[in-house]
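Asker: coords below, sequence missing:
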């Protein structure tokens with residue numbers, strides 16, 4: 001039994017590191033190019049690494065409860081495509097504009113996502129619900 005202690009200790013440490021890494025990955029997501037969602041997804045913060053189009057499948061809702069941002073000085077555009085719903089509830093700070101190609105973009109929540117850069121810079125080709 002004495003010889004198992006170092007192995008168990010190492011396994012517990014490895015598991016703890018894996019759980020911490022997973023938790024951090026869930027709290028911040030990066031979008032670049034076309035990002036596809038085929039199942040309901042809740043995200044916290046999103047960083048635009050370049051212009052990004054979120055393609056949401058039919059019957060699917062993607063909710064971003066935190067902030068969508070881009071690095072300072074970059075003006076990346078967020079696009080919404082696909083028949084599904086993209087819900088933004090945070091006080092988003094990206095400044096490149098928003099283009100709705102298809103589906104529903106819903107701006108809601110107590111963090112005033114219906115003001116600021118997102119609400120002022122929407123180009124719509126479909127219905128927007130507020």
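Answerer: Yes, it's here. In this text, all values refer to a predicted model and were calculated from it rather than measured experimentally.

Asker: for stretch 33-40, what is the average pLDDT?
Answerer: The average pLDDT for stretch 33-40 rounds to 96.

Asker: for this protein, what's the longest strand?
Answerer: Of all the segments of type strand in the chain, defined by DSSP state E, the longest one is strand 45-56.

Asker: which neighbours does that strand have in its sheet, and in what orientation?
Answerer: Looking at strand 45-56 with DSSP bridges, its partner strands are strand 28-37 (parallel), strand 68-70 (parallel), strand 78-81 (parallel).

Asker: need the contact list for residue 79.
Answerer: 51-54, 98-101 (CB atoms under 8 Å, 6 or more residues apart in numbering). For glycine as for every other residue, the C-beta is placed from the backbone atoms N, C-alpha and C.

Asker: Residue 40 now?
Answerer: So residue 40 contacts 60-62 (CB under 8 Å, 6+ apart).

Asker: looking at the residues you listed, which has the most residues close by?
Answerer: Highest neighbour count within the contacts of residue 40, by other CB atoms under 10 Å: residue 62, with 23 neighbours.

Asker: what about residue 52, distance to residue 62?
Answerer: Distance, residue 52 to residue 62, by CB to CB, to the nearest Å: 12 Å.

Asker: end to end, how far does stretch 71-88 reach?
Answerer: One end of stretch 71-88 to the other measures 19 Å (CA to CA, to the nearest Å).

Asker: In it, which residues are buried?
Answerer: For stretch 71-88, the neighbour count (16 or more other CB atoms under 10 Å) marks 76-82, 84-88 as buried.

Asker: what number of residues lie near residue 44?
Answerer: 14.

Asker: Same check on residue 105?
Answerer: So residue 105, with other CB under 10 Å, has 26 neighbours.

Asker: got it, and residue 56?
Answerer: Quick note: residue 56 (other CB under 10 Å) scores 26 neighbours.

Asker: Name the residues linked to it by a beta bridge.
Answerer: residue 37.
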